[in-house]
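Chemist: sequence and predicted model, in that order:
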Amino acid sequence: MFLIDKIPVKTIKKIEEDIEKNDLGKARDRLHGLISTFPNELDLRRKLGDIYFALKYPSMAGRYWYLEKNKSPEMVKACIQFEKSMGNDPIRIGRAIKFKGDSEILKRLQLDQVISPIQNKVKENLLEEPEDPFKDKVVIFGCFSIIILTIIFALIGVYALFNWIF
């Protein structure tokens, strides 16, 4: 049983009921939704890792256990398998972890067990500031501008053609 102050108790009870009914797929889906809503709650990630492990997906379990502070031997094996599935590439591992929470949590997180030499590189990768979102907005604005200008020029061309013919 896990209790987290901010998360609605009703949702947690539904997850626990799903686990008791052995409906792990539904519990997994609910936990994915909660993680996206409450990204700072690392306990949710641990619970989701437990469910993936019960569903016989150890590399997926390792993905969600990766930020766990005190790992059991099964967790360490799953994390190593997750790293191998990502080609031991710290950038790919960091993207796959999909941690969207507060970077202060990662700074305070001192992983007791070093499971592999790339673990610290992954943590550094997660702590890096994301690229400037302004660049993405400029690219999107530019693409929409080109599309709108193309439509305007096409309409002007059709109008000019009709004036020439009639």
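Modeler: Structure's in. What do you need? Numbers count the residues shown, from 1 in each chain.
Chemist: quick check: domain ranges of this protein?
Modeler: Listed domain ranges for the chain are 9-127, 131-166 (source: automatic domain parsing).
Chemist: winner for burial among those?
Modeler: Mean neighbour count (mean count of other C-beta atoms under 10 Å) peaks for domain 9-127 among the domains of the chain, with a mean of 17. C-beta: built from backbone N, CA, C; applies to glycine.
Chemist: can you pull out the helices in this protein?
Modeler: 9-20, 24-37, 42-54, 58-65, 73-85, 90-97, 103-108, 119-127, 133-165 (DSSP state H).
Chemist: go ahead and confirm residue 45 touches residue 36.
Modeler: No: Residue 45 is not in contact with residue 36 according to C-beta atoms under 8 Å; the separation is 11.5 Å.
Chemist: on that earlier part again, mind telling me which of the domains of the chain the model trusts least?
Modeler: Averaged per stretch, pLDDT over the domains of the chain is lowest on domain 9-127, reaching a mean of 85.
Chemist: quick one: end-to-end length of that domain, please.
Modeler: Start to finish, the residues bounding domain 9-127 are 31 Å apart (C-alpha to C-alpha, to the nearest Å).
Chemist: now that domain: how far from the chain's centre is it?
Modeler: Averaging C-alpha positions (C-alpha atoms, centre = their mean, to the nearest Å) puts domain 9-127 10 Å from its chain's average.
Chemist: could you do stretch 8-15 as well?
Modeler: Here the centre of stretch 8-15 is set off from its chain's centre by 22 Å, with C-alpha atoms, centre = their mean.
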